[in-house]
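1. Following is a predicted model, sequence given first.
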Amino acid sequence: MTITYDEEWLTAEDANRLLDKNTHNRPLSQGDILKWATEMEAGNWQFNGEAIKIDINGDLIDGQHRLHAVALQEPGMKIPFLVIRGLQPEAQKTMDQGRKRSAADQLVLAGVNADGTLTAAIRVYLTYTTGILFRDNKYIAANITTPVIVQWGSENSDKVELIRRGIQYGKIRDRRPVVIAMYAIVAEVHDTEKADEFFGRVLDGVGLELGSPILALRNRLDSLNGELARKDRQKISDRDLIASVIVAFNAWVLGKSLGRIQRPQGATWTSTNFPKIASPLTIRYSQAGKKGRSNVG
């Protein structure tokens, strides 16, 4: 049989017909399927020449995840692919052996200086700012995909630079992307001067007294990420770490004492009780209130 190749616009019906001949392939990853389906539905799927491959028997030997994603689309939607037909079945053994481009690789190709740390912090930043922090990991992975990160990074150079500036505070504890992302988020609400002052004190820990919110944050990170955590098999989640940073920052910027950072009653954060970063307006009201009380009597 002659090998043929052509661009084909596949519908959900086409995908299901090809999947009927998916007789010998690796196990499916539902996360990958959902991720690609979301990209297609959003119109972010790019034709890049990566082929759907069919052997001489008509069996599918490469492309099952992409086709399952196409099968989830609305009737009539068409997605372009290069389709190669007539390959030998043995060719499947040599497929998917190349190194996959990371999000950082893709950003560099798009003209953004990036590495793994920066892209991981962008992922945390987008998870928080798009309001999906309380969705499950599969949903987050399906919505904060590499194409989404690359497009956002290409269109938001000012925010990327804030995240890049936060890398200097990544040594605060072992969850670097979360700390870096939170620096950028705090700096957006306030400014880099305020963010540098807070995260700089968290990093150096010099001269902190009892009741200092920064000391409370450092103690919480020590207890949950240090030796005690390893012994108890506990580790702070990204969500818990974000909340701890916000609670400490709010107390610090409002001039309040804070002995410990604790989860709310019920021992878990929810979308309704999760803290928000105190705004500059809130701070001005608080300072005005303190001045008013000091003038009474």
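-> Cool, got the structure. What you see is a predicted model, and the numbers here were worked out from it, not measured in a lab.
2. Check which residues of the longest strand anywhere in the chain are buried.
-> If you go by DSSP state E, the chain has its longest strand at strand 79-87. Going by neighbour count (16 or more other C-beta atoms under 10 Å), the buried part of strand 79-87 is Ile79, Phe81, Leu82, Val83, Ile84, Arg85, Leu87. Where C-beta positions appear, they are placed from N, C-alpha and C, glycine not excepted.
3. for stretch 167-175, same thing?
-> Within stretch 167-175, judged by 16+ other C-beta under 10 Å, the buried ones are Ile167, Tyr169, Gly170, Ile172, Arg173, Arg175.
4. just how off-centre is that stretch within its chain?
-> 17 Å (C-alpha atoms, centre = their mean, to the nearest Å).
5. The strand or helix carrying Arg239 packs against which elements?
-> Under the criterion of DSSP states H and E, Arg239 resides in helix 238-253. Counting by 3 or more C-beta pairs under 8 Å, 6 or more residues apart in numbering; DSSP states H and E, the packing neighbours recorded for helix 238-253 are helix 116-129, helix 176-189, helix 192-204, helix 213-225.
6. at 7 Å instead, please
-> helix 176-189, helix 213-225 (3 or more C-beta pairs under 7 Å, 6 or more residues apart in numbering; DSSP states H and E).
7. Measure how the shortest one sits relative to helix 176-189, angle-wise.
-> Helix 213-225 and helix 176-189 are oriented at 160 degrees to each other (axes from the mean of the first three to the mean of the last three C-alpha atoms, to 10 degrees).
8. List the buried residues for helix 213-225?
-> Within helix 213-225, the residues that qualify as buried by neighbour count (16+ other C-beta under 10 Å) are Pro213, Ile214, Leu215, Ala216, Leu217, Arg218, Arg220, Leu221, Ser223, Leu224, Asn225.
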